[in-house]
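Colleague: Okay, here's the prediction I keep looking at, along with the sequence it came from:
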Amino acid sequence: MKNVTLFAVVATTGLAVAFTTPSKPITGAATGKIVLDGAKPEVKPLSVDAAKFPDCGTIDTTNETVLVDDKGGIANAVVVVEVAGVEVKVPEKPVQLDQKNCRFTPHVAVVAKGTTVEYLNSDKTSHNVHTFPKKNDAINKTVPAGGKESQKLDKEDTIEIKCDIHPWMASYLIVADSNFYAVTGADGSFKLEGLPAGEHKVKVWHEVFGKADGKITVAEDGSSAAVEIKMSAEKKKRK
């Protein structure tokens, strides 16, 4: 017996129309901006006695805890959208957090749950990577010049990272139970790729301004309107 392919058909003005299921669900990119609601707080430069640490080279004393542009855009805010039923994809290669001129770079990073993170040391001096997680295992290890340490982060978390040798050094690593996340740029903007159609809850975190919520709607054709989410200028307890 010959193989026969069956199609569901309906007569429309004398034409037979075949109904087929799209091979891939439609997804879209969502954009937005995180802005400050209120006056920008005064932030002093980092206190660094560079003469005591000549191997650090030229140290940038910019205080990255609060970076807000003239239009209120907040840099280094973490934006996460959790979509039910979507399996979290772990990157094949480790995500790297480096130490250059005695600064962590980037200052804020976000990774998916299950990611392996490499703590690099590109300086000519030793560093001490000291993490302060709430759910994952803490580490407190010396990383020699040119060396690295690695760690797999299996739990959703907010992790502060410090160097006990150079007390001004600090960074944050957010572990998200999601594939959809971003860190805002200098103007507070972000972009999330591959979101399925529908209304999605947005969670925002900042090390000084705390947390905020918002919504993003992706239309059936994959389009979405840019969103603006405000964070209070009142300092909140870090979480």
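Modeller: Nice, thanks for sending it over. Numbers count the residues shown, from 1 in each chain.
Colleague: Ignoring the adjacent residues along the chain, who's closest to the residue most central in space within the chain?
Modeller: Among the residues of the chain, Val110 comes closest to the average C-alpha position under Cα atoms, centre = their mean, at 3.3 Å. In space, and not counting its chain neighbours, Val110 is closest to Ile174: 4.2 Å by Cβ to Cβ, 6 or more residues apart in numbering. Placement of C-beta: from N, CA and C, glycine included.
Colleague: Low-confidence regions, this structure specifically.
Modeller: Where the chain drops to pLDDT under 70, the residues are 1-25, 235-239.
Colleague: Make sure Lys215 is indeed in a strand.
Modeller: Yes: according to DSSP: H, G, I helix; E, B strand; the rest coil, the state of Lys215 is that of a strand.
Colleague: Helices of this protein, start to end?
Modeller: Here the chain has no helices by DSSP state H.
Colleague: longest strand of it?
Modeller: strand 27-37 (DSSP state E).
Colleague: Show me what it is packed up against.
Modeller: Judged by 3 or more Cβ pairs under 8 Å, 6 or more residues apart in numbering; DSSP states H and E, the packing partners of strand 27-37 are strand 78-81, strand 189-196, strand 198-206, strand 210-218, strand 227-232.
Colleague: rerun that using 7 Å as the cut-off
Modeller: strand 189-196, strand 210-218, strand 227-232 (3 or more Cβ pairs under 7 Å, 6 or more residues apart in numbering; DSSP states H and E).
Colleague: can you redo those strands as JSON lines with distance to Thr115 and mean neighbour count?
Modeller: JSON lines is the format used below for the helices and strands packed on strand 27-37 (distance: least, Cβ to Cβ, whole Å; neighbours: other Cβ atoms under 10 Å):
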{"stretch": "strand 189-196", "distance to Thr115": "17", "mean neighbour count": "17"}
{"stretch": "strand 210-218", "distance to Thr115": "22", "mean neighbour count": "16"}
{"stretch": "strand 227-232", "distance to Thr115": "25", "mean neighbour count": "18"}
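Colleague: Can I get the ones you listed in CSV including distance to Gly147?
Modeller: Formatted as CSV, the helices and strands packed on strand 27-37 follow (distance: least, Cβ to Cβ, whole Å):
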stretch, distance to Gly147
strand 189-196, 33
strand 210-218, 35
strand 227-232, 37
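Colleague: Chain neighbours aside, what residue packs nearest to Asp213?
Modeller: Closest residue to Asp213 apart from its sequence neighbours, by Cβ to Cβ, 6+ apart: Lys203 at 6.2 Å.
Colleague: Surely the one you found touches Lys215?
Modeller: No: the pair Lys203 and Lys215 fails to qualify as a contact (Cβ atoms under 7 Å) at a distance of 10.8 Å.
Colleague: Mind listing the shared neighbours of the two?
Modeller: Counting by Cβ atoms under 7 Å, 6 or more residues apart in numbering, Lys203 and Lys215 have no shared contacts at all.
Colleague: Could I get the contacting residues of the residue nearest to Val110?
Modeller: Residues touching Ile174, when contacts are defined by Cβ under 7 Å, 6+ apart, comprise Val78, Val110, Thr158, Trp205.
Colleague: show me what contacts Ala138?
Modeller: Counting by Cβ under 7 Å, 6+ apart, the residues that Ala138 touches are Thr131, Phe132.
Colleague: let's go with 10 Å and repeat that
Modeller: For Ala138, the contacting residues are His130, Thr131, Phe132, Gln151, Ile159, taking Cβ atoms under 10 Å, 6 or more residues apart in numbering as the criterion.
Colleague: With distance to Thr62 added, can I get the contacts of Ile174 in TSV?
Modeller: Output for the contacts of Ile174, formatted as TSV (distance: Cβ to Cβ, whole Å):
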residue	distance to Thr62
Val78	19
Val110	21
Thr158	22
Trp205	21
